[in-house]
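*Asks:* only the shape, not the letters, is given here:
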């Protein structure tokens, strides 16, 4: 499968943010994960092969991240 560019929009503490990511797949869970990473509330793996815990939507909302949306760029 080929990689594609995606635009991800979200709100963090009421402030609108947007960024682009290059990924082979995108869905609601992936968009939430990348939004938490971009917002600085999720852990970034030291190496690509490292597994890091992902935040749930409820956890992200408790930390102020809401309204995650994505589309192909």
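*Replies:* Arrived safely, thanks for sending. Quantities reported herein were computed from a predicted structural model and do not represent experimental measurements.
*Asks:* who touches residue 63 in this structure?
*Replies:* By C-beta atoms under 8 Å, 6 or more residues apart in numbering, residue 63 lies in contact with 36, 41, 55. All C-beta atoms are positioned from the backbone trio N, CA, C, and that covers glycine.
*Asks:* pLDDT score for it?
*Replies:* Looking at residue 63, its pLDDT is 97.
*Asks:* top helix in the chain by residue count?
*Replies:* Ranked by number of residues, the top helix in the chain under DSSP state H is helix 28-39.
*Asks:* give the buried residues for that one.
*Replies:* 30, 31, 32, 33, 34, 35, 36, 37, 38, 39 (16 or more other C-beta atoms under 10 Å).
*Asks:* helices or strands next to it in the packing?
*Replies:* Here helix 28-39 touches strand 4-12, strand 15-23, helix 57-62, strand 65-72, going by 3 or more C-beta pairs under 8 Å, 6 or more residues apart in numbering; DSSP states H and E.
*Asks:* out of the ones you listed, which is closest to residue 48?
*Replies:* Comparison of these against residue 48 by C-beta to C-beta identifies strand 15-23 as nearest, at 12.7 Å.
*Asks:* might you list the low-confidence residue ranges for this protein?
*Replies:* 1 (pLDDT under 70).
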